[in-house]
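Visitor: Sequence and predicted structure are below.
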Amino acid sequence: MAKHVAIVGAGVSGLASIKCCLEEGLEPTCFERSEDLGGLWRFTFLEYLKMYANRFNLLKCIQFKTKVCSVSKRPDFTATGQWEVVTLHDGEQEAHVFDAVMVCTGFLTNPNLPLGCFPGISTFKGQYFHSRHYKHPDIFKDKRVLVVGMGNSGTDIAVEASHLAEKVILSTTGGAWVISRVFDSGHPWDMVFMTRFQNMLRNSLPTPVVSWLIARKMNSWFNHANYGLLPEDRTQLREPVLNDELPGRILTGKVLIKPSVKEVRESSVRFHDSPQDEPIDIIVFATGYTFAFPFLDEAVVKVEDGQASLYKYIFPTHLQKPTLAVIGLIKPLGSMIPTGETQARWAVRVLKGMNKLPPPSVMTEEVNARRQNKPSGFGLCYCKALQTDYILYIDELLTYIGAKPDLLSMLLTDPQLALAVFFGPCTPYQFRLTGPGKWKGARNAILTQWDRTYKVTKTRAVQEAPLPLASSVRLFGALALLLAVFLVFL
């Protein structure tokens, strides 16, 4: 049984792994190469992550400014499953022995700067850099700016730059769906989109129908074709861009949408749809990231085509002892933070010996099937590396540890909660209703989550006219519908 666990990285997955180890009585030591926690997430969630670390007393387990140089099997690995971890701190190397290792460096480790795809970039006399190095929009004041890549980072940078720059061009190869954080009836978009009911409905419909419905919904805010944003591939899933300002900035001419760059010159660029050069002073490459595990031998974890051969995105399939887990190497259509935590909950129980993995042949078969990326023909098409269905994936891991909510039983014993779990937002409270790690406040948190959501917006008291019998009718109808759904699909 693992006792001493090394954790590589103190980002969101690393912090969750420390917490899960402590909950199971293990002794984690986390090595973080920077001077602070959070990893890439520190730029958006640093205060929350510090609160999380302090609440669960995690800082005592972290060694900052400590780089992991290598993680290798001990000579007696087949018997003990132990690893030797070599670290570097203040110029001095030190070797440690651990019973297990959790790799939590994620997939946003190395900025991808594909300069070879931009002919003439070496002659460019302006400034260019990767989006990771962007800190403040002041550098764009009165400049002509090109942002390459229309993910969330690229779009955010283009919109911020448009308030100060002389001109901003956003270059995209395939377009993207752009949605507002404020969704139907003013609700946060993820609390509407990410529900068990919605997910079940999507997965029961043919993919072309789902794609059509999503396109119709996305275009209900604004027609993407009229703004030059319509995705070329509307079947394969791509993470939507969350930005409330972009349509307005395009409409007022503050941001121009262009296709991919054909050529870069000394002080200008040429796009594929135009024979004319566009003068440019600064190029920001929002071209994503690659990942690697330089401290691990390829015989342990090999990265190919943007993914690693890991069972359930966590465990190598061929180790004699399952004492190494990779946490956070996944792209769910949902929140990464609870996904990483759920991975860690299951992984720690495997490392501890409380849960068993299937035979290597079964794990290898599952990994190979996932690599083939064969669409099922139903639901969303998760055809790119590391993509997965958020709710189905988490439910699968929760099943392994006995923590998946039993909706049918809940419907009979606590129908109010069952309705909220099935039709309401699939928030992480649901993952703490039962089983190991059960939280006694989960039920109340689920039933009151909408109150907390709108507490910050309802800063002026208003009198709403009640609708007679509306609540009773809605409750009865929802119960009838939920019962029908269970009878058909379970």
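Guide: Happy to help now that I have it.
Visitor: can you pull the contacts of the residue nearest to the spatial centre of the chain?
Guide: Nearest to the centroid of the C-alpha atoms of the chain, with distances taken as Cα atoms, centre = their mean, sits M336, at 3.5 Å. Contacts of M336 were listed using Cβ atoms under 8 Å, 6 or more residues apart in numbering, and they are V12, S13, G328, I330. Where you see a C-beta, it was placed from the backbone N, CA and C, and this is true even at glycine.
Visitor: Quick check: of these, which lies closest to V168?
Guide: Compare each of these with V168 using Cβ to Cβ and the shortest gap goes to V12, at 30.7 Å.
Visitor: And the pLDDT for the closest one?
Guide: The per-residue pLDDT reported for V12 equals 93.
Visitor: Let me know whether it touches F45 as I believe.
Guide: Yes. The criterion here is Cβ atoms under 8 Å, and V12 meets it with F45 at 7.5 Å.
Visitor: Mind listing the shared neighbours of the two?
Guide: Taking Cβ under 8 Å, 6+ apart as the contact criterion, the common neighbours of V12 and F45 are G38.
Visitor: Those two - which one has more neighbours?
Guide: Remark: of V12 and F45, V12 carries more neighbours, 29 against 15, as counted by other Cβ atoms under 10 Å.
Visitor: Could you pull up the contacting residues of that one?
Guide: Applying Cβ under 8 Å, 6+ apart, one finds that V12 lies in contact with G38, G39, W41, F45, L49, G328, M336, I337, G340.
Visitor: Please flag which of those residues sit within helices.
Guide: Within the contacts of V12, residues falling in helices by DSSP state H are F45, L49, M336, I337, G340.
Visitor: of all the contacts of V12, which comes closest to Q387?
Guide: Relative to Q387, the closest of these is M336; by Cβ to Cβ it sits at 12.5 Å.
Visitor: pLDDT value on the closest one, please?
Guide: M336 carries a pLDDT value of 91.
Visitor: Look up how far G39 lies from it.
Guide: Going from M336 to G39 by Cβ to Cβ, to the nearest Å gives 11 Å.
Visitor: who touches G228 in this structure?
Guide: By Cβ under 8 Å, 6+ apart, G228 lies in contact with G175, I250, I257.
Visitor: Retrieve the pLDDT associated with it.
Guide: In this model, G228 carries a pLDDT of 95.
Visitor: before we move on, what SS does V86 have?
Guide: Under DSSP: H, G, I helix; E, B strand; the rest coil, the three-state class of V86 is strand.
Visitor: Could you pull up the residues touching it?
Guide: V68, C69, S70, V71, S72, Q93, E94, A95, H96.
Visitor: Just grab the bridge partners of it for me.
Guide: Bridge pairing for V86 (DSSP bridges) gives the partners S70, A95.
Visitor: Please tell me how far it sits from L296.
Guide: Distance check for V86 against L296: by Cβ to Cβ, it reads 12 Å.
Visitor: what do you get for P428?
Guide: Per Cβ to Cβ, P428 is found 30 Å from L296.
Visitor: Nearest residue to G126 in space, please, no chain neighbours.
Guide: Excluding the flanking residues, the one nearest G126 by Cβ to Cβ, 6 or more residues apart in numbering is D281, at 4.8 Å.
Visitor: Surely the one you found touches K143?
Guide: Yes. Judged on Cβ under 8 Å, D281 makes contact with K143 at a distance of 4.3 Å.
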